[in-house]
Every structure is written in structure tokens, then in C-alpha cells.
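K.L.:
Sequence and computational prediction follow.
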Number of protein chains: 2
Amino acid sequence: MILEQSIKGKSKKQLISEAAAQLFRDKGYTATSMRDLAEKVNLKASSLYNHIGSKEEILRDICFANGQRFNEGMEEVEQLHAPAVEKVRALIRLHIQIATEDVTSVTAFNDEWRHLSEPYLSDFRQLRRNYERRFQAIIEEGIRNGEFKALDPFATLYTIFSSMRWLYDWYKPERKVSPEQLYEQISTLLMSGLVNEK
Amino acid sequence: MILEQSIKGKSKKQLISEAAAQLFRDKGYTATSMRDLAEKVNLKASSLYNHIGSKEEILRDICFANGQRFNEGMEEVEQLHAPAVEKVRALIRLHIQIATEDVTSVTAFNDEWRHLSEPYLSDFRQLRRNYERRFQAIIEEGIRNGEFKALDPFATLYTIFSSMRWLYDWYKPERKVSPEQLYEQISTLLMSGLVNEK
């Protein structure tokens, strides 16, 4: 299976990284050993080091690659000449897209980043805080100009973030639900609420 | 500190259980040893067994005690002679109340139940599924009678559940936010949406 994919053009390093993300998600980063990883990709533990530097290097790659995707998405959204409501919708779409495209990697990113060591941990926290601040600024913009209800921006931000976390546990490509359908459901609930006002 | 609380009338078993919940939350259930727990409550590991049977017994107590709180809350809500919208509001209040009253225990419950062994794991899953089904039935009732938008009940259920998960990481009694304020913010967002329709 692993080899089959390899033929389809993924680098060995990429395969190792994907196997590691699966282990990090299923067993947790701390409980995953290089031996587990070697077994999963059919290599000797000693050969693993021809492809990767350390377990933490893989976690680092996963965390910063996902962090970068969020920040690139944010940059595109900020450049939209659009009302705040469209920007928040676009960010909800971004979260669902990232969660459904590579659910294993994003789960490892989400649950295991605390295991990064310094200075990476601080860098990662800053990346994260930066993203959150920019998201909150868009919520505040919408509250100020009357597009949004006068809710607490921080509680709103975290409720929106959290509301999509079930996708990490639940989503598999085999599910017969498209990311677009999920976007419709979740964005309607968050933007217009459950209650039928008509 | 532990002894001080003991004087205030908590049983030794309860203190051990609280210390265990903290360890489960901070290190994870698997990584927590009886030695860690003994150190935290200033007992010899051998003396611990005068108060508790095993590490899993504590996890079991935490999981089933919290599960029971959710199910008791559900029973009260089901007996309300009220529209579905009031029932969902009451359940959102229940989730926030449980999350803020004993955040450590509920975090352990939420993250570590997978480590229960059989037959407890199956019992716990059933307890959980039972709660989810009853919550979903209330959402379906509201959709049927036109109180709620015609959203997918399952996606709605999970989005509502997830939306409050940030409280487990964030909430501390020291925060100057009351559970009631959190309820106002979160229930407004979920029931009426972020967008200002006026």
C-alpha cells in the first residue's frame, strides 16, 4: 500500500510524514516511537534517519505547514474587497477545506503542537496568535459597522473555531458528504442561527 | 493545600479523584502513573490502594459521573412543556454549566474515555449515544414543527456540541466571566447567528 503510493510520485519523506501523522493522531506524539514509525513504513529504524532528522522534525513540519495554510488563507481573505460577513464566511470555508483535505495531518497539528520544543513552540504560538488576532479583527470590524450582532468578539471567535472541531474526528473521504455541504450547514448555523425567523 | 481541603470535608477518595483528573488532563491518562498520583496527594503508592482500586477505577468514576450529569440534565429538559427552542437553550446552558463547574473532571471525561476497558467502554459509548440521540430528537422536533431551519440534524448536533469545547481549555473560575455571560454569548450565536438581521 505504502509502496503503491510511492510509485504514484510521493517522496519517501512525504510517506514517512503521512505515516507519522497517523501515529501521532492515533497514539499521540509522546507515545509514538521511531520504531513504530519504521514498522509502519517498512524500514529499519536506522534507515529512517536517511530520510528524516527526528520525530520532532516531522511534528514541526506538520505544525508549520498547516499553520502556513491557515495564514495564506487569511491573507487572501483580508485582501477581499467585501463586507465582514463575506470574510467570515470565507474563513469558515477555509477551516472546513483544511480539515477535510488532510484530516490526519490537521488533527496532529491541532492536538500535538504542545509537544514542540523551544524556540519552535514560541514561534508556533505566535503564528497561531497572529491568525487569531486577524480573525478577531474581522469580527470586530463587522460588529463596528453593524453587520454583526454586538457579541463579545473573543467568545465569538472561539465558538466559531470550536464549532468545526468535530470534523477532525468524524470526517473521512468515504463519508458521502462534500466539504461544500458541510460548509452550507455550518455557515448557516453560525451566521444565521438555528432558529427559523420566518 | 491538599490537606487544607481535606479539613474542609472532602473525603480522601474525592481528593485523590480530583488529583487524578488533573493529571489525566495535563499528562493524559496513559502517561499518568500511580506513582505520579501518590506524589500529588502526598501518599505512598502502596497506601493509595487503601482508598482506590486502580487508576482505571478513577477514570471510570469520572466518566460515568459526568455522563450521568448530562443524562440527568437531559431528563429534566425532556420533561419541560416548552417549545424545542427552549429545550435546546436549556441544553446549551447544561453544557456550559457542567463545563464551568468542574472543568478538570469534564476535560478528563471528554478526552480520556477512550481508555476505558470493556465492558465499561461499551457501556459508556451507549450512555453517550443515548444522550446524543435524545438531543438530536429535540432538534428534529424543532425542524419538523418549523421552529428551526431545515438543517441537517446530525451536523447541527455536532456543531453545537463542538462549539463549546473551547471552554474546557479556556475556562477557569479566576476568569471574570460568569457561566451566565458565556451562555448569553454562545446561545445567541448558535440560535440567532452572528449576522445582525435588523
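P.N.:
Good, I have the coordinates. Residues are numbered from 1 along each chain as shown, chains lettered A, B, ... in the order given.
K.L.:
from here on, contacts and neighbour counts on C-alpha atoms
P.N.:
Will do.
K.L.:
any idea how far A:Ser46 is from A:Leu15?
P.N.:
The spacing between A:Ser46 and A:Leu15, counted by C-alpha to C-alpha, to the nearest Å, is 17 Å.
K.L.:
Show me which residues of chain A sit near chain B.
P.N.:
Contacts of chain A with chain B, taken as C-alpha under 8 Å from any C-alpha of the partner chain, map to A:85, A:146-149, A:151-152, A:155-156, A:158-166, A:182, A:185-186, A:188-196.
K.L.:
quick one: least confident helix or strand in chain A?
P.N.:
Lowest by mean pLDDT, DSSP states H and E among the helices and strands of chain A is helix A:2-7, with a mean of 48.
K.L.:
which one is A:Leu127 nearest to, not counting chain neighbours?
P.N.:
Spatial nearest neighbour of A:Leu127, chain neighbours left out: A:Gly67 (6.9 Å); criterion: C-alpha to C-alpha, 6 or more residues apart in numbering or on different chains.
K.L.:
so that neighbour touches A:Arg125, yeah?
P.N.:
No - applying C-alpha atoms under 8 Å, one finds A:Gly67 not in contact with A:Arg125, separated by 10.0 Å.
K.L.:
who's more crowded, those two?
P.N.:
When A:Gly67 and A:Arg125 are compared for neighbours, A:Gly67 comes out ahead with 19 against 14, by other C-alpha atoms under 10 Å in any protein chain shown.
K.L.:
Could you report the pLDDT at the more buried one?
P.N.:
Here the pLDDT value assigned to A:Gly67 is 92.
K.L.:
ok, now which ones touch A:Phe64?
P.N.:
Counting by C-alpha atoms under 8 Å, 6 or more residues apart in numbering or on different chains, A:Phe64 touches A:Phe124.
K.L.:
Please spell out which residues along the helix or strand containing A:Ser122 are buried.
P.N.:
Element membership for A:Ser122 (DSSP states H and E) is helix A:120-144. Neighbour counts over helix A:120-144 (16 or more other C-alpha atoms under 10 Å in any protein chain shown) mark A:121, A:124, A:127-128, A:131-132, A:135-143 as buried.
K.L.:
Could you look up the SS state of A:Pro173?
P.N.:
coil (DSSP: H, G, I helix; E, B strand; the rest coil).
K.L.:
Nearest spatial neighbour of it, chain-adjacent residues omitted?
P.N.:
Distance criterion C-alpha to C-alpha, 6+ apart; nearest residue to A:Pro173, sequence neighbours excluded, is A:Thr100 at 7.6 Å.
K.L.:
Over to A:Tyr131?
P.N.:
According to C-alpha to C-alpha, 6+ apart, the nearest residue to A:Tyr131 is A:Asn71 (6.3 Å).
K.L.:
Number of residues surrounding the nearest residue to A:Tyr120 once chain neighbours are set aside?
P.N.:
Closest residue to A:Tyr120 in three dimensions, ignoring its sequence neighbours and counting by C-alpha to C-alpha, 6+ apart: A:Arg60, at 7.6 Å. A:Arg60 has 20 neighbours, counted by other C-alpha under 10 Å.
K.L.:
picking up where we left off before, filter the residues of chain A next to chain B down to just the buried residues.
P.N.:
A:85, A:147-149, A:151-152, A:155-156, A:158-166, A:182, A:185-186, A:188-196.
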